[in-house]
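Student: Below are the sequence and a predicted model for it; my questions follow.
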Amino acid sequence: MVRNGNNLNRKMPSKVQIERAFEIKGVCEWEFDSHEQVMDEDAYAIRDILKLKESWKSVGPQE
């Protein structure tokens, strides 16, 4: 089972690329789970640590 926040976008690897990279095509199901979305603070931290200038969709704290 692959759970994702249903927020893949053009700046991120596609579902096909992910399945190919992990050799999981045809052997797993994808499930959308809002708890798997990228959080704002995590996105900022990753950009800072890796010195990335690009950004991607993220969400604020969920209550």
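Tutor: Alright, I've got the coordinates.
Student: Can you give me the distance of residue 28 to residue 61?
Tutor: Shown here: residue 28 relative to residue 61, a distance of 29 Å by CB to CB, to the nearest Å. C-beta here means a position set from N, CA and C on the backbone, and glycine is covered the same way.
Student: Residue 1 touches residue 33, doesn't it?
Tutor: No - using CB atoms under 8 Å, residue 1 makes no contact with residue 33, being 9.7 Å away.
Student: ok, the two, which is more surrounded?
Tutor: Ranked by neighbour count (other CB atoms under 10 Å), residue 1 and residue 33 place residue 33 first, with 13 against 7.
Student: Now do the contacts for the more buried one.
Tutor: If you count contacts by CB atoms under 8 Å, 6 or more residues apart in numbering, residue 33 has them with 3, 4, 5, 6.
Student: In strands, which of those fall?
Tutor: 3, 4 (DSSP state E).
Student: Would you reformat the contacts of residue 33 as a markdown table and include pLDDT?
Tutor: Below are the contacts of residue 33 laid out as a markdown table (pLDDT from 0 to 100):
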| residue | pLDDT |
| --- | --- |
| 3 | 82 |
| 4 | 78 |
| 5 | 77 |
| 6 | 76 |
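Student: now the contacts of residue 33: which count as buried?
Tutor: Listed as buried from the contacts of residue 33 are 4, 5; burial here means 16 or more other CB atoms under 10 Å.
Student: With distance to residue 53 added, can I get the contacts of residue 33 in a markdown table?
Tutor: As requested, the contacts of residue 33 are exported to a markdown table (distance: CB to CB, whole Å):
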| residue | distance to residue 53 |
| --- | --- |
| 3 | 29 |
| 4 | 24 |
| 5 | 23 |
| 6 | 25 |
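Student: now, which of the contacts of residue 33 sits nearest residue 55?
Tutor: residue 5 (15.8 Å; CB to CB).
Student: Which residues does the helix or strand of the chain with the lowest mean pLDDT contact?
Tutor: Across the helices and strands of the chain, the lowest-confidence element by mean pLDDT, DSSP states H and E is strand 2-4, at a mean of 81. With contact meaning CB under 8 Å, 6+ apart, strand 2-4 is reached by 18, 24, 28, 29, 30, 31, 32, 33, 36.
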